[in-house]
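# Here is a sequence with its predicted model. Questions after.
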Protein chains: 2
Amino acid sequence: MGLTKSEIFTTEQNQISSIAKVFGHPARVAILQYLFKINSCICGDLVEEIGLAQPTISQHLKELKNIGLIKGNITGTSICYCIDKDNWTEMKTTLSIFLNQDLNDNSNCC
Amino acid sequence: MGLTKSEIFTTEQNQISSIAKVFGHPARVAILQYLFKINSCICGDLVEEIGLAQPTISQHLKELKNIGLIKGNITGTSICYCIDKDNWTEMKTTLSIFLNQDLNDNSNCC
DNA sequence: ATCTTTCATCGTAATATTGCAATATAATAA
DNA sequence: TTATTATATTGCAATATTACGATGAAAGAT
């Protein structure tokens, strides 16, 4: 069906998977890494840096912006993108709780 | 096209996005959370706990197993699943490096 | 040997994602 | 006003994902 049954999951589970989904494409990982390295850049820089067509990069930027991980600032004809610090930190906290769950001794099983 | 151009990205970028992709569905997040809580369980437990059909759960378990985050052990007619500790730790390291990149001061932009 | 239980696999329908060409929009430059 | 530049949006084709019914396989129970 291709349609996730979100309603049967907790808010936390949906939140975690939504964030992870955005990280689930190498282009978006590359964009974020570049933004960390370069601090801020415009769409055209990413098109050159990454090597995907402009509409494709624009689409990935939109998804990153939708979930709040980056923000854009209009400066003339171009748009300056950068990491949204506060939201990045918040996202890290959410993921950390999930990733750092305590693991009981499961040597009796696998 | 629906086809990711993996070849234009670094191994690290593809690795990070592959892991994140697996976390990108609430059912798989729920399965992992349950395994952390319960230590180990069989497929049928997850079908009841989560409320998706058995083939669907089985499919999600397969993806988690493929990337190495869980492992299964045949015990009679059922299969005991649990977190793969070593791989979970390794995965956490990979994600941590990405999530904890240093953020320069970007107050000049956004 | 036959039934039951448990899980995987197959096949398929519905929806989502990825990527890009073409086009639209919006600000600046000439 | 008419380019030019930079990005967003639209439309579409190809592929991927999600979900489940039907079926298969394998171990244990009767």
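Thanks, I have it. As the structure is a prediction and not an experimental result, all values here were calculated from the model. Residues are numbered from 1 along each chain as shown, chains lettered A, B, ... in the order given.
# where exactly do the helices run in chain A?
For chain A, applying DSSP state H gives helices covering A:11-23, A:26-38, A:43-50, A:54-66, A:85-99.
# Dump those into JSON lines; add distance to B:F36, mean pLDDT and mean neighbour count as well.
No exception for glycine: its C-beta is placed from N, CA and C like everyone else's. JSON lines is the format used below for these (distance: least, Cβ to Cβ, whole Å; pLDDT from 0 to 100; neighbours: other Cβ atoms under 10 Å in any protein chain shown):
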{"stretch": "helix A:11-23", "distance to B:F36": "13", "mean pLDDT": "98", "mean neighbour count": "20"}
{"stretch": "helix A:26-38", "distance to B:F36": "25", "mean pLDDT": "97", "mean neighbour count": "21"}
{"stretch": "helix A:43-50", "distance to B:F36": "36", "mean pLDDT": "98", "mean neighbour count": "16"}
{"stretch": "helix A:54-66", "distance to B:F36": "29", "mean pLDDT": "98", "mean neighbour count": "15"}
{"stretch": "helix A:85-99", "distance to B:F36": "9", "mean pLDDT": "97", "mean neighbour count": "15"}
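# would you turn the ones you listed into TSV with distance to B:K71?
Supplementary listing: these in TSV, determined by distance: least, Cβ to Cβ, whole Å:
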stretch	distance to B:K71
helix A:11-23	21
helix A:26-38	26
helix A:43-50	35
helix A:54-66	33
helix A:85-99	18
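# And those: which comes nearest B:A53?
helix A:11-23 (18.1 Å; Cβ to Cβ).
# didn't A:L32 look like it was pressed against A:L69?
Yes - in this structure A:L32 lies within contact range of A:L69 using Cβ atoms under 8 Å: 7.0 Å.
# so A:S6 touches A:N14, yeah?
Yes - counting by Cβ under 8 Å, A:S6 does reach A:N14; the two are 5.4 Å apart.
# what's the overlap in contacts for these two?
Jointly contacting A:S6 and A:N14 under the rule Cβ atoms under 8 Å, 6 or more residues apart in numbering or on different chains are B:P26.
# So which residues on chain A come close to DNA strand C?
A:1-3, A:21, A:24-25, A:27, A:52-56, A:59-60, A:63, A:74, A:76-77 (Cβ under 7 Å from any atom of the strand).
# Quick one, grab the pLDDT at A:S107.
pLDDT for A:S107: 63.
# and chain A, which of its residues are near DNA strand D?
A:1-5, A:42-44, A:47, A:54-55, A:58-59, A:61-62, A:72, A:77-79.
# near chain B, which of the residues you listed show up?
Of the residues in the residues of chain A next to DNA strand D, proximity to chain B by Cβ under 8 Å from any Cβ of the partner chain holds for A:T4, A:K5, A:G72.
# Please spell out the ChimeraX selection for the buried subset of the residues you listed.
The ChimeraX command for the buried members of those (criterion: 16 or more other Cβ atoms under 10 Å in any protein chain shown) is given here:
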select /A:72
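# would you list the ones next to chain B among the residues of chain A next to DNA strand D in a markdown table and tack on pLDDT and distance to A:F98?
Formatted as a markdown table, those follow (pLDDT from 0 to 100; distance: Cβ to Cβ, whole Å):
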| residue | pLDDT | distance to A:F98 |
| --- | --- | --- |
| A:T4 | 97 | 18 |
| A:K5 | 97 | 20 |
| A:G72 | 96 | 28 |
